[in-house]
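K.L.:
coords please:
(one chain, ligands or ions: 2)
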Amino acid sequence: MSKIIVRGGRPLKGTVRVHGAKNSVLPILAASLLAEEGVSVIHDVPALDDVTNIIQVLAALGVRAKHDDGTVRLNAGRLTSYDAPYELVRKMRASFLVMGPLLARLGKVRISLPGGCAIGTRPIDQHLKGFEAMGAEIGFGQGAIEARVNGKLRGAKIYLDVASVGATENIMMAAATAVGTTTIENAAKEPEIVDLANFLNAMGGKVRGAGTGVIRIEGVERLTGIEHVVIPDRVEAGTYMVAAAISGGDVYIEGAIRDHLGPVIAKMEEMGVTVEHDENGIRVIANKPLRAVDVKTLPYPGFPTDMQAQMMALLLVAEGTSIVTETVFENRFMHVDEFAKMGAEIKVDGRTAIVAGNAKLAGAQVCATDLRAGAALICAALVADGATEVDGVHHIDRGYVDIVGKLAALGADVYRAPSPEEVLAEAEELSRRPAKLMEVIEEERSAAAEGARVRVQPTLA
Ligand SMILES: CC(=O)N[C@H]1[C@@H](OP(=O)(O)OP(=O)(O)OC[C@H]2O[C@@H](n3ccc(=O)[nH]c3=O)[C@H](O)[C@@H]2O)O[C@H](CO)[C@@H](O)[C@@H]1O
Ligand SMILES: C=C(OP(=O)(O)O)C(=O)O
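P.N.:
Ligands and ions are numbered 1, 2, ... in the order given. All right, here's what the predicted structure looks like:
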């Protein structure tokens with residue numbers, strides 16, 4: 001496994017551009033399964049492991065997909081399977097989002113329970129409750145869920161016990177081509193839900209109310225592939241805001257949308273960070289001592305749980321004691337033990353963490369226990385004395401495109417140390433190069449000879 005090595009002490013300066021949102025692109029790629037005709041062309045697709053993974057899931061179902069330089073083209077005209085493979089689905093939570101579209105398209109689906117960050121038990125009961133209300137029969141066998149519907153799904157009124165992002169998305173997709181109207185009450189309101197609704201509507205769907213607690217979906221006969229640009233990643237943007245602030249820097253985060261980051265901006269301003277914005281991004285300037293603040297995670301528009309770990313890193317260097325309450329996931333404080341290795345003093349009591357400020361952080365060997373924990377450790381390392389080695393980098397690769405390159409461009413002393421296996425693979429690749437080069441030269445020679453023959457033929461004739 002590779003490691004990220006950070007030497008702290010350099011204020012970040014400059015501009016960083018955020019990529020398309022991971023949590024938006026994953027449901028949108030799943031929704032492309034609904035296009036019975038046409039090609040879906042999705043732009044600003046981040047090159048993340050999760051994206052590669054969900055594209056592999058789609059390919060296994062018969063979708064023809066091509067990912068090229070931030071654009072993915074998907075043709076779901078002919079689906080060949082209703083079985084989402086276990087070895088892919090287990091890797092990530094969002095792969096479960098193919099369940100709704102497959103039920104809608106094929107009337108049946110087999111899918112195993114999803115993986116993803118180990119931040120809580122993460123049940124899927126609300127997704128299943130929605131599908132059952134729409135007429136699906138659900139069974140469990142050999143670690144997988146099998147669901148079927150007689151004919152088409154039917155519109156229903158569904159009240160979600162928790163405003164689940166994934167359940168809202170899965171039900172919205174299932175309902176898009178159902179017979180009649182579906183109402184989701186206590187729906188999640190995240191910007192990614194709105195992006196998915198915009199995508200479905202552009203495909204010919206009729207989704208109203210996305211971004212509010214009540215979403216109405218009038219089922220339509222069929223949906224068509226269309227072109228769509230994914231919204232910028234608010235969590236990636238928020239992470240660079242924290243990185244800028246913790247390092248005492250001045251960074252412009254290009255592409256960050258102010259309205260999507262309201263609570264993060266509010267809390268950083270309360271701490272004494274200067275946050276400016278224009279229509280293209282957000283600038284973060286940290287040139288004063290920071291104050292402790294209390295933070296409580298909540299569904300949108302509350303403070304995002306996906307920013308809790310990074311915010312905790314920032315609170316470590318504030319003056320005073322802060323209280324962080326995690327209400328969305330029951331086990332999302334695993335970064336606390338890793339921060340402790342760097343000298344932090346944090347007491348956890350259930351869903352509350354008491355964070356002592358003025359921490360004198362020192363470089364240490366730490367492990368990214370999940371995606372955002374990894375990002376938070378990198379943020380803390382930016383101000384730690386000496387070098388921090390962050391392990392478990394595969395978690396970080398799920399959600400951040402080239403975090404090392406982006407931070408280095410802002411002036412951080414950071415690099416990625418490849419694992420022995422990666423070094424070996426690269427050496428093997430290099431050793432194959434001369435042979436490959438000869439093949440290319442040979443191919444070009446024969447192409448040139450063929451070209452010359454074709455060119456001279458007419459004159460000869
Ligand atoms: C790919 C993606 O978009 N991931 C995001 C999505 O995850 P995800 O969609 O998995 O998160 P949910 O909103 O569903 O989960 C929120 C809470 O609801 C609970 N729950 C959820 C579903 C269910 O059927 N029953 C149930 O009890 C969960 O255990 C959790 O405590 O939203 C989370 C909350 O903002 C973010 O942290 C994740 O980054
Ligand atoms: C928890 C996250 O992702 P996932 O739901 O894909 O595990 C996240 O993005 O922070």
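
K.L.:
ok, now how distant is residue 319 from ligand 1?
P.N.:
Distance of residue 319 to ligand 1, given as Cβ to the nearest ligand atom, to the nearest Å: 29 Å. All C-beta atoms are positioned from the backbone trio N, CA, C, and that covers glycine.

K.L.:
Check residue 445 too.
P.N.:
Distance of residue 445 to ligand 1, given as Cβ to the nearest ligand atom: 50 Å.

K.L.:
In what element of secondary structure is that residue found?
P.N.:
For residue 445, the host element (DSSP states H and E) is helix 420-460.

K.L.:
show me the contacts for residue 156.
P.N.:
130, 133-135, 182-183 (Cβ atoms under 8 Å, 6 or more residues apart in numbering).

K.L.:
how close does it sit to ligand 1?
P.N.:
In this view, residue 156 and ligand 1 are 16 Å apart by Cβ to the nearest ligand atom.

K.L.:
give me phi/psi at that residue?
P.N.:
Main-chain torsions, residue 156, degrees, to the nearest 10: phi -150, psi 170.

K.L.:
pLDDT value on the residue nearest to it when sequence neighbours are not counted, please?
P.N.:
Distances taken as Cβ to Cβ, 6 or more residues apart in numbering place residue 133 nearest to residue 156, at 4.0 Å, with adjacent residues excluded. Here the pLDDT value assigned to residue 133 is 98.

K.L.:
hang on, the earlier thing: of the contacts of residue 156, closest to residue 40?
P.N.:
For the contacts of residue 156, the residue nearest residue 40 by Cβ to Cβ is residue 182; the value is 22.1 Å.

K.L.:
Which other helices and strands does the host helix or strand of the closest one contact?
P.N.:
Following DSSP H and E, one finds residue 182 within strand 181-185. When contacts are defined as 3 or more Cβ pairs under 8 Å, 6 or more residues apart in numbering; DSSP states H and E, strand 181-185 packs onto strand 157-159, helix 165-175, strand 214-218.

K.L.:
winner for burial among the ones you listed?
P.N.:
A comparison of those by mean neighbour count, using mean count of other Cβ atoms under 10 Å, puts helix 165-175 on top with a mean of 28.

K.L.:
what angle sits between it and strand 181-185?
P.N.:
Here the directions of helix 165-175 and strand 181-185 differ by 170 degrees (axes from the mean of the first three to the mean of the last three Cα atoms, to 10 degrees).

K.L.:
residues near the closest residue to residue 323 other than its chain neighbours, how many?
P.N.:
Of all residues not flanking residue 323 in the chain, residue 294 sits nearest, at 4.5 Å (Cβ to Cβ, 6+ apart). Other residues near residue 294 come to 14 when the count uses other Cβ atoms under 10 Å.

K.L.:
Just the CA atoms of stretch 125-134, as CSV, please.
P.N.:
Taking C-alpha atoms only, stretch 125-134 is exported to CSV below (Å, rounded to 0.1, in the frame of the first residue of the first chain):
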residue,chain,number,x,y,z
ASP,A,125,-34.3,-0.7,5.3
GLN,A,126,-35.6,2.7,4.0
HIS,A,127,-34.6,1.8,0.4
LEU,A,128,-36.4,-1.5,0.6
LYS,A,129,-39.4,0.0,2.3
GLY,A,130,-39.8,2.3,-0.6
PHE,A,131,-39.5,-0.4,-3.2
GLU,A,132,-42.0,-2.6,-1.4
ALA,A,133,-44.5,0.3,-1.2
MET,A,134,-44.1,0.5,-5.0
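
K.L.:
quick one: it near ligand 1?
P.N.:
Yes. Using Cβ under 6 Å from any ligand atom, stretch 125-134 reaches ligand 1 at 125-127.

K.L.:
Out of these, grab the one that's most surrounded.
P.N.:
The most crowded member of the residues of stretch 125-134 next to ligand 1, judged by other Cβ under 10 Å, is residue 127 (25 neighbours).

K.L.:
what about it, distance to ligand 2?
P.N.:
Using Cβ to the nearest ligand atom, one obtains 13 Å as the distance from residue 127 to ligand 2.

K.L.:
Whichever strand or helix holds that residue packs against which elements?
P.N.:
Residue 127 is located in helix 125-133, with elements delineated by DSSP H and E. Secondary-structure packing of helix 125-133 (3+ Cβ pairs under 8 Å, 6+ apart): helix 99-106, strand 136-141, strand 144-149, strand 157-159, helix 165-175.

K.L.:
Just give me the neighbour total for the residue nearest to residue 241 when sequence neighbours are not counted.
P.N.:
Nearest residue to residue 241 in three dimensions, chain neighbours excluded: residue 284, at 4.9 Å (Cβ to Cβ, 6+ apart). Residue 284: 25 surrounding residues under other Cβ under 10 Å.

K.L.:
Am I right that residue 284 is in contact with residue 247?
P.N.:
No. Using Cβ atoms under 8 Å as the test, residue 284 is too far from residue 247 to be in contact (10.1 Å).

K.L.:
tell me the domain boundaries of the protein?
P.N.:
3-18+232-417, 22-229, 426-461 (automatic domain parsing).

K.L.:
Would you mind naming what in this structure lies close to ligand 2?
P.N.:
With Cβ under 6 Å from any ligand atom as the criterion, the chain meets ligand 2 at residues 23, 92-94, 116-117, 119, 306, 371-372, 399.

K.L.:
Which of these has the largest number of neighbours?
P.N.:
Looking at the residues of the chain next to ligand 2 with neighbours defined as other Cβ under 10 Å, the largest count falls to residue 372 at 29 neighbours.

K.L.:
Surely that one is in a strand?
P.N.:
No. Assessed with DSSP: H, G, I helix; E, B strand; the rest coil, residue 372 is helix; it does not lie in a strand.

K.L.:
Which residues are in contact with it?
P.N.:
117, 235, 239, 306-310, 335, 399.

K.L.:
near ligand 1, from these?
P.N.:
Near ligand 1, judged by Cβ under 6 Å from any ligand atom, the entries from the contacts of residue 372 are residue 306.

K.L.:
Who wins on neighbours among the contacts of residue 372?
P.N.:
Greatest neighbour count in the contacts of residue 372, by other Cβ under 10 Å, goes to residue 309: 32 neighbours.

K.L.:
part of a helix, is it?
P.N.:
Yes. Residue state for residue 309 (three-state DSSP) corresponds to a helix.
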